[in-house]
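*Asks:* Structure for the following, please:
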Amino acid sequence: MAKEPIKVEDKRHSSVPAEETPAQETGLVLAAIQNKMPVEFIEQMMDLQDRYDEKEARKAYFKAVAKFKSNIPTVLKDKINQHTDNSPYSSIGNLLGTVNPELGKHDLSASFNIKDSDDFAFITVSGILTHSEGHSEKTSMTFDVETTGAKGGQVMTKTHARMSALTYAMKATFSAIVGIAAIDPIHDDDGNAAGGKAEIGKYEGWQIKVSEACEAAQSLNDIIQWWPDNSAQVKKDLNKAGAAKIYAVFIARKNELKAEEEREAGGDDG
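*Replies:* Got it, this is the predicted structure:
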């Protein structure tokens, strides 16, 4: 009986495919360890793997950012700055609450690093945008912690000033790193505004103003002059129905505070 030839299979490199692709570099590192390759060679392979992972993570980051910006969310200015020129602005809660859910849809997330100067006169905030695969980009800004106003008088405590500077810095760095800016409140005018664009909604603006005034008022004296001071402009900007709605918000808070003060006065008499 003729003997069958003996087949010899070389398995020394069976764990390494004949043709390698970058995605198989982890297997190359493992194969190098299993085959007891020199430590220097293994370190080179691990370094190669790290550089490849970083490159892929960077590509995934910019691809996700591009997709996010192709359908970037609209952030409306939801507050009125009553300390300056009554200009509208977006609160930090509104900004983050609007944008963060959309970032998450693209495996992106935002975070902040905060650092005070040694004398607490400045605060530096870094806004960081990170992809789930590990790559991140950041932008940093430094703000004064200023307790005095434009005329040099003390207008806030050091703690209040720090929180104010922190809020501004977070808004600024977040807006910069995601590439977004808030816009003024608008209303639908059926495309009849100049250029076919919607104009700033005056009613929405007065809604914000009266709501903020009512929220800030802690006593009757805090709110009682709001309508006398603003009624002429409200009536100029709005029709009768709109002005009546703004007045109703004001009067409701005024009556509420008046009732509270009357209850307190009655308690003191007793």
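*Asks:* Now do the contacts for residue 106.
*Replies:* Taking C-beta atoms under 8 Å, 6 or more residues apart in numbering, we find residue 106 in contact with 64, 65, 67, 68. Bear in mind the C-beta positions are built from the backbone N, C-alpha and C, glycine included.
*Asks:* What subset of the residues you listed is buried?
*Replies:* 64, 65, 68 (16 or more other C-beta atoms under 10 Å).
*Asks:* circling back: got the contacts of residue 106 as CSV, with secondary structure columns?
*Replies:* Output for the contacts of residue 106, formatted as CSV (DSSP: H, G, I helix; E, B strand; the rest coil):
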residue, secondary structure
64, helix
65, helix
67, helix
68, helix
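*Asks:* which among those residues gets closest to residue 140?
*Replies:* residue 65 (18.5 Å; C-beta to C-beta).
*Asks:* any idea how far residue 136 is from residue 73?
*Replies:* Plainly put, residue 136 is 21 Å away from residue 73 if you go by C-beta to C-beta, to the nearest Å.
*Asks:* who has more neighbours, these two?
*Replies:* More neighbours surround residue 136 than the other of residue 136 and residue 73, with 16 against 13 (other C-beta atoms under 10 Å).
*Asks:* Beta-bridge partners for the more buried one, please?
*Replies:* residue 130 (DSSP bridges).
*Asks:* Could you tell me how far it is located from residue 126?
*Replies:* Distance from residue 136 to residue 126, counting by C-beta to C-beta: 10 Å.
*Asks:* same question, residue 65
*Replies:* In terms of C-beta to C-beta, residue 65 sits 18 Å off from residue 126.
*Asks:* Then residue 71?
*Replies:* In terms of C-beta to C-beta, residue 71 sits 27 Å off from residue 126.
*Asks:* Perfect, that will be all.
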